[in-house]
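Trainee: sequence first, predicted coordinates after that:
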Amino acid sequence: MTGGTGGVRAARTGNASATAGGLANSGVLQIQQLVLQLRSVEGESMVDVEQALNAYTRRVREAYGRLDMEVLTPLSDQGEHQVIELREVFVPPGVREGAPPSTLPPELARRLAEDDDPAPTDRETQRAHRLVEPLLDVLGSERHPRLVLLGNPGAGKSTLGRHLTLTLTQDGPADVLEPLRGRLPLLIELRRCAEERWRDATFEDFLDHLHRTDGLSVPTPVLRQLLAGGRAVVVFDGLDEIFDPAARGRVAQRIAAFASRYPQVRVVVTSRIVGYRQGTLAAAGFSHYTVQDLTDEQIAEFARRWYAVACPEDPALAEILVKRVTDAVAHSRAVRELAGNPLLLTILAIIGRRRTLPRDRQGVYEHAVTVLVAHLDQDVKHLDPAGSPEVREVLEALDARDLLELLRLIARHMQNGEGGIAGNFLHADDLESIIRDYLATFELPPVLARKTARALVHQLRERNFILAHYGGDIYGFVHRAFLEYLAASDIVHRYQEEREWTPEELVGDVLLPRADDEAWAEILLLVTGQLNPADVGLLVDQLIERYRASGDAGLLVLAVRALAEVRRIGVPAMVTRSEAVVDALTNHTEMSPFHWLPAWYIMATFGDHWAGRARLVRWFLLLGQFVLPAWYLSARMSLFNILEPFLYRAPGTPAVLAAHAPVPRVRVAALDALTRLYPEGDQHRHLELVRDRALNDPSPETRAGALTVLAGQQPGETGQLLLERAVNDPDPAPRLAALHGLRREWNQTRAVAEDRAQNDPDPTVRGAAIGFLRMRWPEEFPDGSEEPLVNSADAQILVTEQRAVSDPDPEVRASALEALPWRRLPRAWWETRAIVDPDPGPRATALKRLAHHWPQEARRLLTDRAVHDFEPEPRATALRSLVENRSNPPLELLQDRAVNDPHHDPRLLALRLLAQRAPDIARPLVRDRARNDPHPDVRLYALRMWAVADPAIGPLLLERLRRDPDGVVRAGVAWSLAFGWYQDAEVLGAIRALAAEDPDAEVRAQATAALAAGEAMAAGADHA
């Protein structure tokens, strides 16, 4: 630690020389503002303080101001590349509040974020959560004094920190970062804190070290006063670069403590999404935002800026190159996904100057690594180790192939070292040892190998290539993406070139053991993209088999992602695997939570002729549309939104479904798909269909959804219709949807909102109207809520516990059981509630909590309750919990319950769970239940499952249409036949006869509607 005048004067030494840029970029005014705010530093001359601050701003510009273009520019282009300043090309991305699930692909997150209006039942807070905000607005906002920015690899998190540091040390016009002016930015790269000597030191100590060694901080007396006065912005970059999870957790705690010591200092933390745990920093008051992929407009803006700088003397060429990038983004989904990532976009921009753009990550990384290795090779040839001509001779003999092999070995060492692939670092001794051992394979004498290795490591201290010196004795790849690519290439090289493993060993010993490790996900996919289809097929088989045994949803998602890496997905080896993946995914989509959507989205990239396409369409028409949960088919979160361009080549089928689908939410989703995905051509006709459904559909759910779709498509043209429906629709759901859609026209619709707040007969509509009025005019409609009567957390928990046991309302007891902290009460207490509560709802809730928190200990009780509880709801809950919370599900129990449970709900659930986890065992049971189950719901569901798997079931369906004793089955089979066999004249004739002759009026009505749907499908469906 340094102090006194000497410490401040030290800032004038070292490399802090002036650079070009002039007064406008010098930060002089910024420094003067800081000096005025500091006023005095104890024991220091303010002249020295000002000079120290000026020296720091110069070092910031030297260290962070320019992009290292030489690193990624081909050697043949070295004489042409321009100096590119970060500020000239930086395009700030958008950010979205919250930490997303790591399984959600960035492209899916982008598409969901672009949906501006949620379903009418969504809360305003959910809509705000989806809102994409400008990054700089969030950084400058006083609402976020402590901020965590999360992002995918290459999302530009480190660049954001550097841009912020540069901006706040330069003078410029007022902008959204103006609230941060007058604060000194300090950037701490946490990967450098991974060294042993910094693990127990304070961040203040580390900043002092940066000042004394690199000039990238300020003298300690100045630092202390800036921090104490809250005149600093501290960026902790790369929390994910602390690779050991326990050490990462300790660093997060240290950051939280730092923020607590200096409550007025603005603190920003960056991290990858994978592996991040938000508990510590969230508890310390940090807001969390996720960096979004660049939009098409941001990609175009980056390309314009980049080529304007790269081609300053040739604007016509710059325009051509910009068009090359933007056209590729517009016409190739693969390039679009790559270009949304700033790191890959930068590489694409460099590639695009000389050649067409690659369509996959493999091609981008291959180009980048080839260029980086060429640079390394060139610089190695120019090493001049003093007094060591024999070392020079060795270095001259190494070529680019040798260096690439060496880099693969280094990546292998990192992947197998402490912390696994999550650890992108090596100690200098380890790096030297790897190089020495590699050189020894050329039969070099040990002494010469050691000298050459030492020379190479020493060169890395002087200049970063693909490997970088992180400080101290720590080295790593310049970006973790290159480590991942090289680690994958190493595995492929050992398999394909060195024949180290058989296909079964590669899959079983190398890939599968790492399938559930998030940090390995990208490597596994990069490996998959380089394998032949037969090997990928073996991997997919094993992933599905392990998935069915364990119930781990991530394994099935990984199987879908593996399929997406195969270029020739239509070869015979992949056809059966595609169909198996579709079967597994569709079986579980019916019962699964939101995280299945990534897998659906990935399949949408496969194209029209993918082997699984017909199977997927058949499943949706014959079964999926009837059974999917409502949230899968809401207007803004539907399977249509994700799969529509893939499932249907033209709007014919969704137009049929919009008018004829038997399930209201399917009609809504189809209406939304028509208006959003097919805006040209028949758009007027599509909107007229939506208007008709908003007025005349017999279902309130469909009318409400149609109003929401209209409000999103024509907000200025549908005001009168929304006003009229907000008052006159006979059901509350459409009235609520109309109010929701009128939010954009507040000044014209205040009167109707006030009227609905007072006079609507439904309390939900009244409450929504009041909420809208409070949001728009808070001073006129204040929130009348009172403080809760119980403020103590312990007292609230005690009240909740009492309600869980004693409240006379079973719904209240169940809600209380759901809300109770599970650790608060012993397992025996929960077991008692699961057995003795007099109502099925609370018993089922207690069973769910037991299964989730004590999966092993609760197994015996769950098995007992699955058979012996006297109500169907707890029995069904126990069955589901036994399957979802354990590997190797109880197949014999499921078989027994599918036949012998006295109630149809557990029987049907057991059948579906069996199909999910053991389809071969389920197949004959499905056929038996389709004919013999005593309840119509089970028979109908089993018939539809059978129909999806076997198109030859048509005659049996016709027999059931005519002879099943229950009208539910006859009507349901009519619908399935209408959507699956609409081109068969005999089928349409049988449905027509049912519509005319069935003794049940409801069946006749359903058959009439099904016949209309079948005839419309025959005339207008466009899927094959």
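Mentor: Okay, I see it.
Trainee: for the stretch 351-500 of the chain, just list every one of the helices.
Mentor: 361-381, 389-397, 400-416, 428-440, 446-462, 480-496 (DSSP state H, counting those that start in this stretch).
Trainee: just put these in a markdown table and tack on distance to residue 913.
Mentor: The C-beta positions use only the backbone N, C-alpha and C, and glycine is treated the same way. Converted to a markdown table, the helices of the stretch 351-500 of the chain look like this (distance: least, Cβ to Cβ, whole Å):
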| stretch | distance to residue 913 |
| --- | --- |
| helix 361-381 | 37 |
| helix 389-397 | 63 |
| helix 400-416 | 38 |
| helix 428-440 | 49 |
| helix 446-462 | 56 |
| helix 480-496 | 36 |
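Trainee: among those, which is the most enclosed?
Mentor: helix 480-496 (a mean of 22; mean count of other Cβ atoms under 10 Å).
Trainee: what helices and strands are in contact with that helix?
Mentor: Packing partners of helix 480-496 (3 or more Cβ pairs under 8 Å, 6 or more residues apart in numbering; DSSP states H and E): helix 361-381, helix 400-416, strand 474-477, helix 521-528.
Trainee: repeat that with 10 Å
Mentor: helix 342-351, helix 361-381, helix 400-416, strand 474-477, helix 521-528 (3 or more Cβ pairs under 10 Å, 6 or more residues apart in numbering; DSSP states H and E).
Trainee: any idea of the mean pLDDT in the third one?
Mentor: Regarding helix 400-416, the rounded mean pLDDT is 86.
Trainee: again with the second one
Mentor: Confidence over helix 361-381 (mean pLDDT, whole number) is 73.
Trainee: show me the protein divided up by domain.
Mentor: 69-293, 298-359, 364-490, 648-714, 721-782, 792-886 (automatic domain parsing).
Trainee: make a markdown table out of those domains and add distance to residue 1021.
Mentor: Converted to a markdown table, the domains of the chain look like this (distance: least, Cβ to Cβ, whole Å):
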| stretch | distance to residue 1021 |
| --- | --- |
| domain 69-293 | 25 |
| domain 298-359 | 25 |
| domain 364-490 | 39 |
| domain 648-714 | 5 |
| domain 721-782 | 29 |
| domain 792-886 | 36 |
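Trainee: comparing these, which comes out most buried?
Mentor: Stretch with highest mean neighbour count among the domains of the chain: domain 648-714 (a mean of 21; mean count of other Cβ under 10 Å).
Trainee: so how far is that domain off the chain centroid?
Mentor: Computed by Cα atoms, centre = their mean, to the nearest Å, the chain-centroid distance of domain 648-714 equals 29 Å.
Trainee: same check on stretch 879-889?
Mentor: With Cα atoms, centre = their mean as the basis, stretch 879-889 stands 27 Å off its chain's centre.
Trainee: which among the helices and strands packed on helix 480-496 is found nearest to residue 536?
Mentor: When the helices and strands packed on helix 480-496 are compared by Cβ to Cβ, helix 521-528 sits nearest residue 536, at 5.6 Å.
Trainee: quick one, that closest one and helix 480-496 angle?
Mentor: With axes from the mean of the first three to the mean of the last three Cα atoms, to 10 degrees applied, the angle from helix 521-528 to helix 480-496 works out at 40 degrees.
Trainee: so residue 949 touches residue 924, yeah?
Mentor: No: in this structure, residue 949 is not within contact of residue 924 by Cβ atoms under 10 Å, at 11.9 Å.
Trainee: the bottom helix or strand of this structure by mean pLDDT?
Mentor: helix 124-130 (a mean of 38; mean pLDDT, DSSP states H and E).
Trainee: helices or strands up against the helix or strand just after that helix?
Mentor: Downstream of helix 124-130, the first helix or strand assigned by DSSP states H and E is strand 132-134. Counting contacts by 3+ Cβ pairs under 10 Å, 6+ apart, strand 132-134 is packed against strand 94-97, helix 106-114.
Trainee: and with 6 Å instead?
Mentor: Packing partners of strand 132-134 (3 or more Cβ pairs under 6 Å, 6 or more residues apart in numbering; DSSP states H and E): strand 94-97.
Trainee: residues contacting the strand it packs on, please?
Mentor: 113, 129, 132, 133, 135, 138, 289, 290, 291, 292 (Cβ atoms under 6 Å, 6 or more residues apart in numbering).
Trainee: how near is the third one to residue 93?
Mentor: Taken as Cβ to Cβ, to the nearest Å, the spacing of residue 132 relative to residue 93 amounts to 9 Å.
Trainee: so what sits against both of the two?
Mentor: Taking Cβ under 6 Å, 6+ apart as the criterion, residue 132 and residue 93 both touch residue 292.
Trainee: buried set for the helix or strand that contains residue 586?
Mentor: Using DSSP H and E, residue 586 sits within helix 572-589. Across helix 572-589, burial judged by 16 or more other Cβ atoms under 10 Å covers 573-575, 577-578, 580-589.
Trainee: ok, which pair from the residues you listed is furthest apart?
Mentor: 573 and 589 (25.2 Å).
Trainee: ok, so of the buried residues of helix 572-589, who is nearest residue 978?
Mentor: For those, the nearest to residue 978 is residue 586 (20.1 Å; Cβ to Cβ).
Trainee: does that closest one touch residue 621 like I think?
Mentor: No: contact status for residue 586 versus residue 621: not in contact, 11.8 Å apart, counting by Cβ atoms under 6 Å.
Trainee: just the pLDDT for the residue nearest to residue 539 when sequence neighbours are not counted.
Mentor: Leaving aside its sequence neighbours, residue 539 sits nearest to residue 507 (Cβ to Cβ, 6 or more residues apart in numbering; 5.0 Å). The model reports residue 507 with a pLDDT of 95.
Trainee: mind listing what residue 507 touches?
Mentor: Going by Cβ under 6 Å, 6+ apart, residue 507 touches 538, 539, 542.
Trainee: which SSE is immediately downstream of the helix or strand harbouring the last one?
Mentor: Same thing as residue 542. Using DSSP H and E, the element containing residue 542 is helix 533-550. Following helix 533-550 in sequence order, the next helix or strand is helix 553-564 (DSSP H and E).
Trainee: ok, which stretches of the protein are strands?
Mentor: 94-97, 132-134, 146-151, 184-189, 232-237, 266-272, 287-291, 426-427, 467-471, 474-477 (DSSP state E).
Trainee: residues contacting the closest residue to residue 762 other than its chain neighbours?
Mentor: Closest residue to residue 762 apart from its sequence neighbours, by Cβ to Cβ, 6+ apart: residue 732 at 3.7 Å. If you count contacts by Cβ under 6 Å, 6+ apart, residue 732 has them with 762, 764, 765.
Trainee: any idea how far residue 726 is from residue 732?
Mentor: Counting by Cβ to Cβ, the gap from residue 732 to residue 726 is 11 Å.
Trainee: rewinding a little: so residue 949 and residue 924 - more neighbours on which side?
Mentor: When residue 949 and residue 924 are compared on other Cβ atoms under 10 Å, the one with more neighbours turns out to be residue 949, at 18 against 9.
Trainee: how close does that one sit to residue 977?
Mentor: 16 Å.
Trainee: hmm, back to that, dump the helices and strands packed on helix 480-496 to JSON lines, plus distance to residue 797.
Mentor: JSON lines is the format used below for the helices and strands packed on helix 480-496 (distance: least, Cβ to Cβ, whole Å):
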{"stretch": "helix 342-351", "distance to residue 797": "46"}
{"stretch": "helix 361-381", "distance to residue 797": "49"}
{"stretch": "helix 400-416", "distance to residue 797": "46"}
{"stretch": "strand 474-477", "distance to residue 797": "47"}
{"stretch": "helix 521-528", "distance to residue 797": "39"}
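Trainee: so which of those is nearest residue 221?
Mentor: strand 474-477 (29.3 Å).
Trainee: so what strands line up beside the closest one?
Mentor: Applying DSSP bridges, strand 474-477 is found paired with strand 426-427 (antiparallel), strand 467-471 (antiparallel).
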